[in-house]
Every structure is written in C-alpha cells, then in structure tokens.
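Student: A predicted structure for the sequence below; I have some questions about it.
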Protein chains: 2
Amino acid sequence: MPAQVEAPARSFRVRFANLDRETICSESETIFHAARRAAIRIVGACGGRGVCGTCMVRVVSGDIESLQPEPAQAAQRSPWVRACQARPLTELVLEAAPRSVATIVRAEVDGQGPQRVRPAPAVTVHQVALAPPTLSDVRADADRLLDALADCGAKRLDLQALRELPGVLRGSGWQVQALVRGDEVIGVTPVGARCLGLAVDLGTTNCAGFLLDLETGTRLASLGIENPQVGYGADLVSRLNYAIRSPEASAELRRAAVTAITELARDLCEAVSAGADEIVDVAVCGNTAMHHLLLGLPVRQLGRVPFVPAVQEALDLKARDVGLTVAPGAYVHVLPNIGGFVGADHAATLLATEDRWKLGTTIVMDIGTNTEISLIHAGEITTVSCPSGPAFEGGHIGAGMRAAEGAIERVSVEDGRLEVQVIGEAEPVGLCGSGVLDAAAALLKAGLVNQGGTVLRGHPYVQEEDGRRSVMLAPDVAFTQGDVRAVQLAKAAIRCGIDLLLREAGLAEAALDQVVIAGAFGTYINIESAVAIGMLPPLPLERFAQVGNAAGVGVAMALASTTLRERAQRLAAQCRYIELGSLPGFEKAFLGRLPFSERGRR
Amino acid sequence: MPAQVEAPARSFRVRFANLDRETICSESETIFHAARRAAIRIVGACGGRGVCGTCMVRVVSGDIESLQPEPAQAAQRSPWVRACQARPLTELVLEAAPRSVATIVRAEVDGQGPQRVRPAPAVTVHQVALAPPTLSDVRADADRLLDALADCGAKRLDLQALRELPGVLRGSGWQVQALVRGDEVIGVTPVGARCLGLAVDLGTTNCAGFLLDLETGTRLASLGIENPQVGYGADLVSRLNYAIRSPEASAELRRAAVTAITELARDLCEAVSAGADEIVDVAVCGNTAMHHLLLGLPVRQLGRVPFVPAVQEALDLKARDVGLTVAPGAYVHVLPNIGGFVGADHAATLLATEDRWKLGTTIVMDIGTNTEISLIHAGEITTVSCPSGPAFEGGHIGAGMRAAEGAIERVSVEDGRLEVQVIGEAEPVGLCGSGVLDAAAALLKAGLVNQGGTVLRGHPYVQEEDGRRSVMLAPDVAFTQGDVRAVQLAKAAIRCGIDLLLREAGLAEAALDQVVIAGAFGTYINIESAVAIGMLPPLPLERFAQVGNAAGVGVAMALASTTLRERAQRLAAQCRYIELGSLPGFEKAFLGRLPFSERGRR
C-alpha cells in the first residue's frame, strides 16, 4: 500500500476591492486570518471565533467554502458572510462591509495631553537659491548646497539625498528646500513640498498613528489599526516565545511590526493626499517587547530573569535600517525604555501626563497585559510592571471580545437584577474589557460571587455544567468561574504593584493626591467597579483621572519637539525601575490581594 | 510562411574549479566574457581579441564550441584553449591555467610613499569586562556597555551591533571588545578578534586592495584585480554613457564596482585566514567617475560642461549603504574629489607624495585615460585634468594590449635597426603602454615618422595597404599611422596641461624642481622617450621621479590614520582646480603641441 502523501495546500489571491488591498490566502486558512496576516483592517472583535459577526464580507467574484452555516439573518439570502468562517476555493474579489472596516474607537487613538506643544522638530526646512555652476565656479553640487546652508550647521548629506541632489537641483532651477537634521541634510525637495512627521504608538494589540505637519506641529490625521503581530499571539509572552524559535521567526515578527507602521504611514498620508515619502521624521514608542521586535533586537534575555532589555536609551536610527518606507534619508526616533517590560510607551505616557503629576504624589498607570505603574513622590519616580494578563483586554475570558458592536461594556445591578449595556444596536455577543471588570463587580455586589471569588450555587442566573459554574449575562454570554479567577489574578497583580510602590515610599494610600489612568481600557472602566473589586485603592473618585491614549499623545509630542525628546529621555532615566519579583514579600502581597474584600490581608 | 522566431539563448553554469568560482555563461558569449562579467580573474591581456593567448583554460568536464582553431602549439593535442575563443555547449567545469590567473603586476599595486605612518585608525578596539545583570542591577545591555566605555566617548551603538550585543555578551562571559568609531560602537566581538581594514584604489582599469591590521598599521596583504566595469567599456566615457541610459544601467555599473571591492575583500582576507566580516573599516579612492559610479551618484552632469561632481568633500558612509559586505557596522571613508574628473585618487596621490613635493616647485601627475596634473608652487596647488585618452594604456592602438606576456614594452633604435623588448619569454603579440610611447620615440629618432607625425614612405619597415601606412615592429605587430596620431593627441593633451599650469603660475619649465610621475604606466615609461616626443618637458633626468601606485599608497595611509584623512581633505580643498577648456588659448596651446618637434609652436 503506498504511503499517503498530502497534496500541498493551494493558495489564492484574495482582493478586497473597496480597501484597495490584496493578499494570498491558502485553502487551509480563513479569509479573516489571511487578512490579519497582511494587516488588512477587517474588524474581528471576537478574534475569529465565529461568534461576533463583525468581519462581514461579500463575494464579488470567486467561490468560497463556508465553515459554518451563516446565522439566521443569512437565511434571508444575505450576500454577507463572516470572513472568519470562509476559506477560498478560487481567486476572490471581496467587498468588506463598511461596518467591518476597522476604525479603532477613538479612545484607543486619542488621549489627553498638554493643550499645545511648541514645535521644535528634529528636521527643519531651509529654502535655498543656488547660483548654477559655470566654468569659473565648478564647485560640486553638495559643496554648493552646504555652503548655502553654512548658517544652519549642515555639514554632510545622507547618501540617498546626495544621489537625488543633482537631479532635484537641475529640475527645479537651483531653488530647493533642504531638510536638515542636526549636521546632516537628509533630503532635498522642490520648494513647497510638505514636511510631514509620523508618530506611532506601537501597542501590543493596537497601533495608533499620528501624522503631523512638522513645521507647525499641527496634527493632520490620526488612525488606529490592529497590530498584525496579533496573528502570532494575543499576549507578549506568546510572541516572545515565537520569536526565540529561530532568526526567521524573529524576522517574521519584525516584518509584522514594520508592516503596521508602513500601513499607518500609507493610510495616513492618503488621507491628506500625500505620499509616504513626504514623511521626513518618525517617532515610535512601544513596550520593551514591541520595541525589540520592531528593531530586530534579540528578546531571549528579555523573557528571562532578570528581564534585561538590549537597550534602554532612546535611539535615532535611519528609518531605512529599520525597514520603514518613508523619505529615504529620514530617521526614526525610538523613545527610551525604562526597564524590564516597561518600555518607551510608559516613557511617552509620563511625558504626556507630566502636567498632571508634577504637583503632587501621583500614581500613573497604563493597564494592559502588563500594567505599568509609576509612583511619583517627592521628585522621585519609581516604576514597576505587573503581569496583569489579558483579562481586561477581553483575552483569556470565555466570551471576551474587543470593544466593538455587540460587546457588553457595562454591567450593573438594579434591584438584584443584572443590567447590561451593549455597544451599538446589537444583540450582546461577548464582553469587552470594561464589561469584564463591571461583570465581576456586579456579581460581587449581587452576591452571586463571594469574597473568595467563588460563583455561588442556586441563583437563577447561575448555570452549572460538568461542575463548572457560570453566570448568564445575556442569552449567549456567560461569565464563568474561570473568568472570575482571571479577573482576580489581574486585579491582584495591579493592586499588589500599587501596594508595594507605596510601601517602598513609606506612604499610605490616602497620601495619593491623584491616580492617572492611561490607555484605552482605562478610559472606559467604571472606577467604582475597579475600586469595588479591589483593583484600585478606595480613594475619593475625584482623585482619579482617565486620560486615554497618553502614550500616543506623548509620542506625538516627542515627534513635534526635540526638547520633549530630551525630556522623555530624562524622565525615563529618572525612573527607578524595580523588578516586582525581587521585592521581599511580593508573593504574600499578591496572594493577599486575590480575594475581593476591600481590606485584603496585607 | 510562418515568421521566423529565434530560440532564446540557453545559458550554462561554468565553474572554475581551481578558483572556486562559478558564473552563468550564455551560449552566445565567450567564457572569457562571462568570467569578466563575474569578476573572475582570468588574464586577458588583449581584451579578448584572440591574439595574446593569456586566457588559457582547460575543460575538466563538459563541451565547448571553439570560435577559432587553437594556434600551432594546440596542434600538439594541448588540452589548453583560449577562453576568449570558446563558448559553452553544456555546463562546464574548467581549470584556469596558473599563468592565466590574473596577478596584476606589482607596480600596479605597489607604490612609494612615506616609510611609516603612525597608526591613528578611525576604529579603535576597547577591551571591556562587564558585571552580568542581577535583579538589583537590571541595566540594559547597551547601557551597561556604554557605561564601561564612558572614557572613550562612545555614546551610541550601530543598530546591527545592538542586535548582536546580547548574544556576544552572554556567549563570551561578559568580556568583549568594543569597536568604537567616534561616538559610535560599530561592533562588539569576542576578545582577541582581529580588527582589519581595507584600502582600495578603484582604478578605471585595475583595482588595488590593501589589507591592514588597524591596531598596528601593518600591511598584511595586497592584491590587484581588473575592474569588472571594463566589460562596459575600457574608457570612462563609454561607461558614463552607459550609466546615463537608465537607472538599471547605472545600477549595473554600481554593482560591478561593488563586486570589485567585495572580491578584493574576500581574497585578501582569505590570504590571511580571516573573514571579510573582520574588516571593520574601509577607505576608497578613485577618479570622480569611479567614485560616482561606486556610490550610485548620478553622472549625467559630470559628463557635461562644466563637469560638476555631485560631491567633492570626503564622505563617511555606512559600508552597508554602499553595498559592501564587510563587518555590519563598518563605515567606508571615501576620499575627497578635487574637481571635474580629478578625483579622490589624485588626492591620495598628493597625500602619498607630499614628502617629495613640499620642498620645491613640483609637478605631480598620474598618467591615464585622463591625466591629472598638479603644479605645486609657492604653497599653492593648481590642478588640471587632461583628456589624454587610452593610448598609453594600450587602448585605441591597433596592437595595444595590457602589460602581460608577449607585450612589447620597449622599442629602441640601434644603428637604424628597431629593437624590441618583450615581457616574458614569448613571441611579441602586441604593445603595452610603455611600448607605445617608446615606439613613437624610436620611429621619430629613426626618421620613419616626421616631426608632423606622418609615417614616411620607402623604408623597409613601412608597409602600405589601401593607402594606410604602418611600421612593422615584429612579424605580428604593426604600429600604424593611426596609432601615431593617437600618441600625438595624448602627448599634446598632457604637455598642454603642463604648459598652461606653468603659464598660470608665470613660471618657465626650468623652474620645475621636480616632476613626480605616479601610476602603473608612469612607472614603466622611458623618460627619455617621453621627453623626445614632447610629452614631458626637457628637464635634467634627475628631476623626474617615478613613484608607482601612489594613489594606492595614499588610500592605505588614509585608512591607517584619521589625521591623514584630514590632511587629504585639506590637500583636496587646497587644490585650485581649473577646467582646461575654460583657459584662454587652450586650443591653440593644444594644437601647438601636436607636432613632435621639441620646440612646439607655443
């Protein structure tokens, strides 16, 4: 009997006509997955599990295989199918449903920062009119240009700028604008060409991009897209484990991060009818892992005790060395890391929120898979990172999903009844982060969950199947005993970080003048719920400030001003980073914060 | 009748077993040509015309088509065939005859310069022993390294060095050597790794490479290879015309120049059992056209009045941006151009010969297709470039060939009889540059050519066919009326350059204390012949110095010492470059020097 040989999977070209994008999709993967890999911005709130119905596409031409029959509404012969439940059988042309084109909610992009930054860009524009060469003035093009730029300190040209110089000079009648960065001319353009800058907050889940006019500091456009690395794992640890497998694996993750920035550059420029080559400066922040993966730095040592980054200080690198396709001579400024997993995004957050915290004892925190917390007190900044896990981003939660249509974003208890609030005019299909937090608080308040976190039997909301209990928040949305445990681990990690920071400084909770909460999740949470489950200390509500994507604001500030870059570098260097695990009593403190009781065993 | 369709040419893999190299050869090109394209170093003294027999190969396996029957000795069933007369019929494995493996004559590599240069390399080696990170010292790898290097001014790391840092540190017990250039760490290697430098004189015809130990300044190896760009034309103008055709054509020439350097790096490193990645610094010189073609700079404006280079000043570029495969963080220092076609090679020649000329009024010249001449007088350097053409390199001469076996290198007159001296123990098959010069002088002396340059009838040496006269120097070697004219144009261009430089300075020829002649051709010429035909002024012979490849010496000096780089930059800047064509009376001066009379009509 001959050995069975599997035929190699066939692959098909899949084109998203209304997005002007295409990719290759194997017959064995879903269209949703292929789109993710290619950073094509299809919403997939539930991550492709087939429950949310946010990734709708219509087949314009070609054939697909459906993995699941489309739900009720599809029976009415709707042409729309879920991309996560469809595989290609032929080449395809698709249309993405308008509501399925990812436009990340504004809060994931926007944040509050100083009202106005005085522009002090790294790249300045200098108009020059040169005398053309003659037989009696045969100076070389570069020397002629540098002579004219003597006052601004330019002493050399980028190689690519030099390659373009003779053509640009002769094509524009010897009147050009020189783009100068430090002592280097990084580009030469015809007079009037724009001078754009791109700031990127490269988040684990979402990437936010901001396009600035560098001369005025004006924000021209902003956009959020999903990080294409999500295809390699929702959490950082999965990605780090993938990256250390092989240089090729690491290169894949690097390319995914580069793709995110390239896509942001392209789409943002399109929005203002510019080309990505008009971007002459870039600033990027991200946590240490994102930072390393983007730059192709090794992460093996970052994932092991004592969690040492390859580099902490801010970097100024040629964008082309990083692989970014912007103006050929442009640099990318990568904000400084702080320590361990606390990266440049926290440095950017501190920069953006400095106005708020410099006046009193403050906690600044950015809640995510890792929650970075800084305590600012008496002129000192002490920083820790808490492994809070993805629960508050909807990860590792049975019905977890992104903050999109159909997501339960609020849960409350009215007269013993659970009330849910859903995003959009849709049936609830899952829970986003703020819903997860609210659910825990509501179940605790309603007595469905006890102080120890056990879901109690005998309540009409509570189901039990194979010994596993869950609370039905909606007909299709259960909150399980496992979900409660995930919330406990997350909130204990965060609170324990706050506890230990205060202990190190010899402060009581009441000494906190302010708690600044940055990040998309932090923007939407109900502070009372967070206090109720013990994630945040019980302070008067007015001491809490929810500031949105402060990291995004910070990186845009750093793009606009070299003074602020230096400030970010000083802030990062000022942070005393403490590895939580190295503190005595860490484990006890963490265990003491697992129960929901407001006064945990400290 | 159907249209005739030509079958596309087939291509075959051709391997040179004893050179460990292979390339692809189409059935329609000769093996010699394919080897040239790939910079495989097969001697081809006559340029592939099938007359010199210096490109011998033996077929180890496969079949060839012979274009010409092999000459006499081949009738004795010799297995050796001329690569320029053979095309592949199948895949081939060949052996290159040992004497056909190009080893460029030493004079094309070696030159005279200062006895000793005090090493002051751009890249310095610093041994560091770091404390490994602990939970209480979690500084990032880069910051830890830079802290240890604080004394030497290092402030940042090259991205590729940063990528390698964590692995090297952990692989070598935290004891490493940092390679520092200015404020940048360009590489980190295990303790004891070598620190090599490569200097390249990128000549139009030949490229000379020098491998130095940067720490001691010792020359470890040197090598000359043919410039693979020769395949695109022997002279610069052909190459410039090719380059301006299209960006692709320009890229081909760039790649050919890069290949030359890569081959030199590889072979030189092999000679000392090193890898090319141990080369941590590179210095390059070449004429302006070679300089531009190597760097991918546009040459259109360089080929047109007023012949303006893209850049004059010395450049320090990342070797990877130039396309060189050496240590990933290495830079290449490109010496400064002077003006027009007078490039970095002349700057290097001035640097190498400064000891000789700083004491008196001196002419420094490098004779080639373009002859660069500097007059140094009263602390000023005035420089011109003379379009002398390729005659003195054997180009545009009927029987011209490279200085290889079978080349006539000397011609003299004894009792009215012409005597020739041939390189190697071979029958004369052509004339190399010094032979061309001698031939003209000898014919003039013997009265076979008159003062006006006409070959005279009625002498037994003189043949006339279709009205074209030529002088038979050997049974197979004729020197034609056209060759005499080519020599006249060349010598007139050079002498006119000298004349006008002296006129500008208000000097008589007798005021010249010294004439320094650099370059391979200049090393071999008979000064008396050059004076006899009026190429050089009639000065006492002891005022002439033939110094060999001074450009090669100069670029190696610049590699060894940053002080000398600055000196070269100052020398280049000090040169007052004059475009010969812009001088009044240029044409008259040139025409006046065409006749062979020692006292030309000035």
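Tutor: Good, I have the coordinates. Owing to the predicted nature of the structure, the values given are computational and were not obtained by experimental measurement.
Student: please count neighbours and contacts with C-alpha atoms only from this point.
Tutor: Fine.
Student: quick one: the host helix or strand of A:Ala249 near chain B?
Tutor: Element membership of A:Ala249 [criterion: DSSP states H and E] is helix A:247-271. No - contact of helix A:247-271 with chain B (CA under 8 Å from any CA of the partner chain) is absent, the minimum separation being 11.5 Å.
Student: between helix A:247-271 and the helix or strand that that helix is followed by, find me the angle.
Tutor: With elements assigned by DSSP H and E, the helix or strand that comes after helix A:247-271 is strand A:279-286. Relative orientation of strand A:279-286 versus helix A:247-271 (axes from the mean of the first three to the mean of the last three CA atoms, to 10 degrees): 130 degrees.
Student: tell me what angle the helix or strand following strand A:279-286 forms with strand A:279-286.
Tutor: Downstream of strand A:279-286, the next assigned helix or strand under DSSP H and E is helix A:288-295. Taking the same axes, to 10 degrees, one finds that helix A:288-295 is oriented at 140 degrees with respect to strand A:279-286.
Student: helix or strand: which one has A:Ser412?
Tutor: A:Ser412 belongs to strand A:407-414 when assigned by DSSP H and E.
Student: show me what counts as buried in that strand.
Tutor: Neighbour-count burial for strand A:407-414 flags A:407-413 (criterion: 16 or more other CA atoms under 10 Å in any protein chain shown).
Student: list the residues that contact the spatially most central residue of chain A.
Tutor: Central residue of chain A (CA atoms, centre = their mean): A:Gly203, 2.0 Å from the mean position. By CA atoms under 8 Å, 6 or more residues apart in numbering or on different chains, the residues touching A:Gly203 are A:227, A:286-287, A:290.
Student: ditto for A:Met557
Tutor: A:Met557 touches A:117, A:352, A:564, counting by CA under 8 Å, 6+ apart.
Student: could you say which helix or strand holds it?
Tutor: Here A:Met557 sits within helix A:550-560, counting by DSSP H and E.
Student: dump the following helix or strand past that helix to PDB, keeping only the CA atoms.
Tutor: Sequence-wise, the next helix or strand downstream of helix A:550-560 (DSSP H and E) is helix A:562-574. The C-alpha trace of helix A:562-574 is given here as PDB (Å, rounded to 0.1, in the frame of the first residue of the first chain):
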ATOM      1  CA  THR A 562      13.400  67.600  20.200                       C
ATOM      2  CA  THR A 563      13.200  69.400  23.600                       C
ATOM      3  CA  LEU A 564      10.500  67.000  24.600                       C
ATOM      4  CA  ARG A 565      12.500  64.000  23.300                       C
ATOM      5  CA  GLU A 566      15.200  65.000  25.700                       C
ATOM      6  CA  ARG A 567      12.600  65.500  28.400                       C
ATOM      7  CA  ALA A 568      11.300  61.900  27.800                       C
ATOM      8  CA  GLN A 569      14.900  60.600  27.900                       C
ATOM      9  CA  ARG A 570      15.400  62.400  31.300                       C
ATOM     10  CA  LEU A 571      12.100  61.100  32.600                       C
ATOM     11  CA  ALA A 572      13.000  57.500  31.600                       C
ATOM     12  CA  ALA A 573      16.400  57.800  33.200                       C
ATOM     13  CA  GLN A 574      14.800  59.300  36.300                       C
END
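Student: for helix A:562-574, packing partners?
Tutor: Contacts defined by 3 or more CA pairs under 8 Å, 6 or more residues apart in numbering or on different chains; DSSP states H and E place helix A:562-574 against helix A:344-357, helix A:550-560.
Student: how far does that helix sit from its chain's centre?
Tutor: From the chain centre to the centre of helix A:562-574 is a distance of 21 Å (CA atoms, centre = their mean, to the nearest Å).
Student: please apply the same query to stretch A:357-377.
Tutor: On CA atoms, centre = their mean, the centre of stretch A:357-377 falls 18 Å from the chain's centre.
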